[in-house]
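Q: Have a look at this prediction, sequence included:
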Amino acid sequence: MSKKEKKDKKPKTTNKENKKRLKELERQAKANESNYEMTRLFKILVGVIGALVLFGLVFAYFHGDIFKKKTKTKEEIQNVEILAGTALTKQSGEYYVLFYDFDGDNKELMNKVYAAFDRYDRTMKVFKVNLGSVLNKSYKANSNEEINTSNNKDLKVVDPTLLKINEGNVVNVYSGKDAIVSFEEELIKVEK
């Protein structure tokens, strides 16, 4: 056989087969393009999420929310600042309420008294009322004659005052810094 005859023996494709192959190639091209688009979309999505996580970690680091170690402390005394109008109905059981101006002349002395409760009994419930606050000024009495501890509505105390309350009833009233300091000294004696 001659070379010419070998060339002629190659299978000839028909127009129909060419169209079929062309359609198959187009279908594969579309599938490849679709896969490329999905891969590209996935990469963009991963990049955006990664950037947001990185931003969140940097933000948290500078604000100290994540990387600070949380240490457990010993049982703490339950000290809370409250409004004077809720002093007699804060909770059931026995508790104390210390009334004073947080920025007044007796501030340091009352903070010392407040700390004495912590040294005396860590489970004792002690609440503070800031008589210097606008919300509590109407509860401040000018003299001992104006003091009224019968109910929350008519409550009036001098600066400073310590109330011992049991089941919503005032058990003891310590008005003035001298009376409160005497009470603190009693606590310290009992402690020793």
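A: Arrived safely, thanks for sending. Residues are numbered from 1 along each chain as shown.
Q: tell me which element Ile165 is part of?
A: Following DSSP states H and E, one finds Ile165 within strand 161-166.
Q: could you check the angle strand 161-166 makes with the helix or strand following that strand?
A: Downstream of strand 161-166, the first helix or strand assigned by DSSP H and E is strand 169-175. Using axes from the mean of the first three to the mean of the last three CA atoms, to 10 degrees, the direction of strand 169-175 lies 160 degrees away from that of strand 161-166.
Q: chain center to strand 169-175: distance?
A: Relative to the chain's own centre, strand 169-175 is displaced by 34 Å; criterion: CA atoms, centre = their mean, to the nearest Å.
Q: For it, buried residues please.
A: Val170, Tyr174, Ser175 (16 or more other CB atoms under 10 Å). In short, each C-beta sits where N, CA and C put it, glycine included.
Q: List the residues that contact the nearest residue to the second one once chain neighbours are set aside.
A: Translated: Tyr174. Spatial nearest neighbour of Tyr174, excluding adjacent residues (CB to CB, 6 or more residues apart in numbering): Leu162 at 4.1 Å. When contacts are counted by CB atoms under 8 Å, 6 or more residues apart in numbering, Leu162 is found next to Tyr96, Val97, Leu98, Phe99, Val113, Asn172, Val173, Tyr174, Ala179, Ile180, Phe183.
Q: who does the residue nearest to Lys125 when sequence neighbours are not counted bridge with?
A: With CB to CB, 6+ apart as the criterion, Lys125 has its nearest non-adjacent residue at 3.8 Å, and that residue is Tyr95. Going by DSSP bridges, Tyr95 is paired in beta bridges with Ile165.
Q: what helix or strand does Ala29 sit in?
A: According to DSSP H and E, Ala29 maps onto helix 15-63.
Q: Ramachandran angles for Gly168?
A: phi 80, psi 0 (degrees, to the nearest 10).
Q: was I right about it contacting Ala87?
A: No. Here Gly168 lies out of contact with Ala87, judged by CB atoms under 8 Å, at a distance of 10.0 Å.
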